[in-house]
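> Based on what follows, work out the 3D shape:
(2 chains, ligands or ions: 2)
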Amino acid sequence: MSTVTLRDIHKTYVDNEVIKGVNLDIHDKEFVVFVGPSGCGKSTLLRMIAGLEDITSGDLLVDGERMNDVPPDQRGLAMVFQTYALYPHMTVAENMAFSLRLAGVSKERRMERARDVARILQLEPLLDRKPGKLSGGQRQRVAIGRALVRNPKVFLFDEPLSNLDASLRVQMRIELSGLHESLQSTMIYVTHDQVEAMTLADKIVVLQGGVVEQVGSPLELYHHPRNLFVAGFIGSPKMNFLSVQTTGVQDSGTTVRLPGDATITIPVQPRTLMAGDRATLGIRPEHLRIDATNPTLMGEVLVVERLGGETYLYVKVAGGDTFIVQTDGNSRAKVRDRVPVTIDGSVCHLFDGEGQAIPKAERHPLSLTRHPEVPLHTEATLEQTYEQPIQPREVPRQAE
Amino acid sequence: MTSSVATRPQQPPPARARSHRSIPARLLVAPSVILLVLWMVVPLAMAIWFAFQRYNLLIPDNREFVGFANFAYILTDPTLWISIGITLVLVVSVLAITIGLGTVLAVLFNQEFPGRGIARVLAISPFFVMPTVSALIWKNMLMHPVNGLFAQITRGLGLGAIDWFADFPLLAIIIIVAWQWLPFSLLILLTAIQSLDTDQMEAARMDGASAMQLFRFVVLPHLNRAIAVVAMIETIFFLTIFAEIFVTTGGGPGLATTNLAYYIYLKALLEFDVGGASAGGLIAVVLANIVAIFLMRSVARNLDT
Ligand SMILES: Nc1ncnc2c1ncn2[C@@H]1O[C@H](COP(=O)(O)OP(=O)(O)OP(=O)(O)O)[C@@H](O)[C@H]1O
Ligand SMILES: [Mg+2]
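Ligands and ions are numbered 1, 2, ... in the order given. From the prediction side, this is the model:
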């Protein structure tokens, strides 16, 4: 068992509060990914868990034990740094076995352990090399090996793949995923990369300005973002937002009027929105269709980005908003074409005037937490997710 | 992943292109090379020439080729061997002090503390004082048995005074030179420490390193090259310490502080024996070269890894 629990964690540098009360439960064997814009405090949070930064206030529990004042090496955690942070004057084997050497393990035993770990990571031929003579991917592997040797309760990764080139990143991502599968240990992972977050995580924690915006499985965040920030942050290209007016609220859904006078009905629960209220409609580029049979809106193509497999159209619609539409790679749309855009209400998101999402009438079937140990969300806990009061934010958010 | 090293046959650049390019390049470096040759070779050649002559300024007319007589005379002179011993003691102990203390100070000055900027400037300032001046300061203001600050302090404590230059002359010289050169090693080692990756320190902390182990396994190996460079540069200068001895002890009492440089000076300018002094000078050159080769080797090995 290795769980990590954060209780109302705060971090203040001099008089700059960068973590503003984070609560988080990380379960055994869970792969948790912290995402958020640059400067939101992901690294700070991870470093506080590691013990490299003091916790200003709040409690950090590992396996139920309070760790705030325990030195980093005794927390049973191991960290992999973005810069690898290998010891340049030691060989690969010595690097990996350094913690054992400090712990007074005999040379034979520690070299044996280093070899075992090297086997897992396919580093065996490199054991006698110095880090300076390794490629980036190999260095990253050694850094992971150094963490593995310690047999930690929890692995911490701070953007471990961001210094690698794209193809290597994909390869290492798959290896990490396999490693998690085989080790069955708890991992906390910080990244900028959407794809890494979506593919690796059992649970994603979206941070902004030192506040947790939402916690959930990747598909939960994708299908049921709790507010405008999460909706815009998860998914690439970004979700399209459109200012709309509520015209009717029924049990089956809420009807809104778009700038071009078209109306659509979104299957959300009747909540705070009243007829006549302003609201924000959100729709992902991949859910918009170019379809002449029953178009919701007409728009003018401003930019065409062809990626081969798919095409992104930047379409200016009535009311002046620009939509990104993801269509087929074979789309023949050209700049300045007028195209019919169809919006399917059932895949739209609706946000109230404060930017909070109106809960969907039905959960997306795949959006339940992937993690086997954790009980699946019941209706009640789902309700709670939405029932939680909006966190007050007197402190202005940091732009970025 | 496999780790096969692909070796492509290295194609040497076409020889003609290289020589084409290097003709004007050689012309351009020629002036400095010629100057350097004149600067170094001419005095060396003269020293070699004189070393094989009997040439005493007191009897300048009695000048003739004497073969290795000067060397035989110098090498059998016990003073030479004493001065070589003193030179080595001086070099080794000042190196040990400046590098040891320099490393400790560099680690300390790398920490955050109030007034760090001023402390750094103060620690580095001795380097800007001329050797003669600093020797005079130490002789007359600090180590003087009557007026010196040290004597006043020890006397104030009722401990009596130490006559540094009479009782511990070599130690006094070592202290003065170390004081002068500490800033140099501090400066180089401090910049080296500042280039140490903080992630590495943090990784070591997570691996369970104590402060001492952090120093031993992370900081010290990182400083290795810088220390080697400091040792090399300092050795070259310490082999020829002169001003500090000239100003304070004059090589004495007896021969207690006569190093090789001072011995040659004594030969040449007090005994007017140009031939003997030149032979001594050549021996000094050979000695310096031996030391330099060893140092270069170790530095080069350090730079390799
Ligand atoms: N030592 C420090 N002193 C003062 N402020 C700091 C310190 N370290 C970080 N900060 C501030 O804390 C905030 C969060 O920093 P952090 O490094 O956690 O961001 P991050 O989310 O990891 O960003 P990135 O994605 O760019 O790595 C930033 O605004 C940063 O300026
Ligand atoms: Mg970061």
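> Now do the helices in chain A.
With DSSP state H, the ranges of helices along chain A come out as A:42-50, A:92-102, A:107-120, A:136-149, A:166-183, A:194-200, A:218-223, A:228-233, A:379-387.
> Was I right to think residue A:157 contacts residue A:196?
No. Contact between residue A:157 and residue A:196 fails when scored by CB atoms under 8 Å: they sit 9.8 Å apart. In this view, the C-beta of every residue, glycine as well, is placed from N, C-alpha and C.
> and for these two, which residues touch both?
Both residue A:157 and residue A:196 are contacted by residue A:189, under the criterion CB atoms under 8 Å, 6 or more residues apart in numbering or on different chains.
> count of neighbours near residue A:27?
For residue A:27, the number of neighbouring residues by other CB atoms under 10 Å in any protein chain shown comes to 18.
> end-to-end on stretch B:194-201?
Taking CA to CA, to the nearest Å as the measure, stretch B:194-201 stretches 12 Å from start to finish.
> Run the contact check for that stretch versus chain A.
Yes. Contact between stretch B:194-201 and chain A, assessed by CB under 8 Å from any CB of the partner chain, occurs at B:197, B:199, B:200.
> re earlier: chain B is nearest to which of the helices of chain A?
Closest approach to chain B among those (CB to the nearest CB): helix A:92-102, 3.8 Å.
> Tell me how far that closest one lies from the chain's centre.
Shown here is helix A:92-102, whose average C-alpha point lies 32 Å from the average C-alpha point of the whole chain (CA atoms, centre = their mean, to the nearest Å).
> got a list of contacts for that helix?
Among residues not part of helix A:92-102, those counted as contacts by CB under 8 Å, 6+ apart are A:73, A:86-87, A:90, A:105, A:109-111, A:113-115, A:117-118, A:123, A:126-131, A:134, A:142, A:145-146, A:148-150, B:204, B:206-209, B:213, B:217.
> State the mean pLDDT of it.
This predicted structure assigns helix A:92-102 an average pLDDT of 91.
> Likewise for stretch A:261-280?
Across stretch A:261-280, the average pLDDT comes to 87.
> Point out the other helices and strands that the strand or helix carrying residue B:182 packs with.
Using DSSP states H and E, residue B:182 falls within helix B:169-194. Counting contacts by 3 or more CB pairs under 8 Å, 6 or more residues apart in numbering or on different chains; DSSP states H and E, the secondary-structure elements packed against helix B:169-194 are helix B:78-109, helix B:116-124, helix B:131-136, helix B:164-167, helix B:220-238, helix B:243-248.
> Any idea which of those helices has the lowest pLDDT on average?
Out of the helices and strands packed on helix B:169-194, the stretch the model trusts least by mean pLDDT is helix B:164-167, with a mean of 81.
> Could you find the closest non-adjacent residue to residue 233?
Because you didn't say which chain, this covers chain A. Spatial nearest neighbour of residue A:233, excluding adjacent residues (CB to CB, 6 or more residues apart in numbering or on different chains): residue A:206 at 6.0 Å.
> um, chain B though
When the adjacent residues along the chain are set aside, residue B:233 lies closest to residue B:184, with 7.7 Å between them (CB to CB, 6+ apart).
> Any idea which of the helices of chain A gets closest to ligand 1?
Proximity to ligand 1 (CB to the nearest ligand atom) singles out helix A:42-50 among these, at 3.0 Å.
> and that closest one, what's its mean pLDDT?
Averaged across helix A:42-50, pLDDT comes to 93.
> Please spell out which residues along it are buried.
By neighbour count with 16 or more other CB atoms under 10 Å in any protein chain shown, helix A:42-50 contains the buried residues A:42, A:43, A:44, A:45, A:46, A:47, A:48, A:49, A:50.
> just checking, what packs against that helix?
Packed against helix A:42-50, as judged by 3+ CB pairs under 8 Å, 6+ apart, are the following elements: strand A:4-13, strand A:16-26, strand A:31-35, strand A:77-80, strand A:154-158, strand A:186-190.
> can it be found next to ligand 1?
Yes. For helix A:42-50 and ligand 1, the contact criterion (CB under 6 Å from any ligand atom) is met by A:42, A:43, A:44.
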